[in-house]
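Novice: fold the following for me, if possible:
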Amino acid sequence: MIAMVSSTFQPSPYRPPVRARAYIGSKCNMNAARSTRLGDIVRRVSLCALFIAALPIRAAAQQDVATFFGGAATALAAHEMGHVITDVAFGVSPGLEKVSFAGIPFFAITHDPVTPTREFTISSAGFWVQHATDEVLLSRMPNLRDRHAPFLKGMFAFNVLASVGYSFAAFARVGPIERDTRGMAASANVREPIIGALILAPALFDGWRYFDPRAPLPRWGSRASKIAGVLLVIRASRQ
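Specialist: Model (predicted):
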């Protein structure tokens with residue numbers, strides 16, 4: 001299985017390397033144990049997904065399933081393109097690097113060291129694309145749940161589930177060192193679980209909006225949490 005990790009963080013030449021080591025180097029054994037447990041969960045979920053995909057279903061449903069996963073793949077590509085576009089906008093050449101997590105190979109989009117402000121922007125770009133996509137979907141089609149739109153539902157599902165996955169990796173501080181949440185945390189000089197909370201909140205609110213489109217609280221809570229995540233770039237600019 002080959003997937004994509006969004007972007008990499010490399011310590012900026014504008015920041016002391018000691019800070020990065022202090023942030024990363026604690027409790028290595030505990031992180032390894034957490035990574036192993038999370039890896040087991042990933043393998044089991046993957047096997048369940050393959051089993052469900054292999055079940056015999058009628059042709060129309062098969063087409064919907066294929067369209068759904070096509071939407072998810074498109075959302076993944078959009079996430080990655082967010083990183084590439086910001087790389088290019090800052091005059092940084094993006095590259096690819098092979099990494100792995102829980103025995104699953106990934107390819108990380110990499111870039112040369114940049115200032116903390118640019119690093120935060122590049123690392124956040126994929127989430128910003130997800131948030132903007134979900135906002136457009138839920139604002140223009142608040143009744144998305146009741147519509148026959150497998151492609152759009154696939155995009156929405158990927159955006160929500162990817163954010164949940166990233167946030168729990170941030171809470172546990174596990175996964176490839178190139179993960180987005182680590183790059184955001186290090187460039188803004190905040191703890192990674194805080195970044196995880198900022199990524200998780202919009203996903204939960206948007207999921208709530210999907211099932212209850214008339215409720216005002218999740219709509220404005222989602223928008224406020226998305227804006228808060230963007231404004232954190234101000235803190236990165238002061239590092």
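
Novice: for this structure, name the helix or strand with the lowest mean pLDDT.
Specialist: Ranked by mean pLDDT, DSSP states H and E, the weakest helix or strand in the chain is helix 17-24, scoring a mean of 34.

Novice: can you give me the buried ones in stretch 130-139?
Specialist: In terms of neighbour count (16 or more other Cβ atoms under 10 Å), stretch 130-139 has its buried residues at 130-131, 133-135, 137-138. (C-beta placed from N, C-alpha, C; glycine too.)

Novice: mind putting these in a markdown table, distance to S124, secondary structure and pLDDT included?
Specialist: As requested, these are exported to a markdown table (distance: Cβ to Cβ, whole Å; DSSP: H, G, I helix; E, B strand; the rest coil; pLDDT from 0 to 100):
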| residue | distance to S124 | secondary structure | pLDDT |
| --- | --- | --- | --- |
| Q130 | 10 | helix | 97 |
| H131 | 10 | helix | 97 |
| T133 | 15 | helix | 97 |
| D134 | 15 | helix | 97 |
| E135 | 15 | helix | 97 |
| L137 | 20 | helix | 97 |
| L138 | 20 | helix | 97 |
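
Novice: where along this protein do the helices fall?
Specialist: 17-24, 28-54, 59-89, 116-140, 150-172, 180-188, 192-211, 216-237 (DSSP state H).

Novice: next, the angle from the longest one to helix 116-140.
Specialist: Here the directions of helix 59-89 and helix 116-140 differ by 150 degrees (axes from the mean of the first three to the mean of the last three Cα atoms, to 10 degrees).

Novice: quick one: distance of helix 59-89 to the chain centre.
Specialist: Chain-centre distance of helix 59-89: 13 Å, with Cα atoms, centre = their mean, to the nearest Å.

Novice: likewise for stretch 216-231?
Specialist: On Cα atoms, centre = their mean, the centre of stretch 216-231 falls 17 Å from that of its chain.

Novice: can you check stretch 117-133 too?
Specialist: With Cα atoms, centre = their mean as the basis, stretch 117-133 stands 9 Å off its chain's centre.

Novice: do stretch 83-92 as well
Specialist: 18 Å.

Novice: then stretch 174-190?
Specialist: 11 Å.

Novice: so which bits of that stretch are buried?
Specialist: Taking 16+ other Cβ under 10 Å as the criterion, stretch 174-190 shows 174-176, 178-190 as buried.

Novice: also stretch 211-224?
Specialist: Result for stretch 211-224 [16+ other Cβ under 10 Å]: buried residues 213, 218-219, 221-223.

Novice: I'd like the distance from that stretch to the chain centre, please.
Specialist: On Cα atoms, centre = their mean, the centre of stretch 211-224 falls 21 Å from the chain's centre.

Novice: same check on stretch 136-152?
Specialist: Centroid displacement of stretch 136-152 relative to its chain, using Cα atoms, centre = their mean, is 21 Å.

Novice: end to end, how far does it reach?
Specialist: 11 Å (Cα to Cα, to the nearest Å).

Novice: can you list contacts of that stretch?
Specialist: 64-65, 67-68, 70-71, 74, 153, 155-156, 206, 209-211, 213-214, 219, 222 (Cβ atoms under 8 Å, 6 or more residues apart in numbering).

Novice: equivalent analysis for stretch 226-238, please.
Specialist: Here stretch 226-238 has contacts from 116-117, 119-121, 124, 127-128, 131, 135, 184, 187-190, 198-199, 202, using Cβ under 8 Å, 6+ apart.

Novice: related to what we said a few turns ago, which one of the buried residues of stretch 130-139 sits closest to A170?
Specialist: Set against A170, the nearest of the buried residues of stretch 130-139 by Cβ to Cβ is Q130 (15.0 Å).
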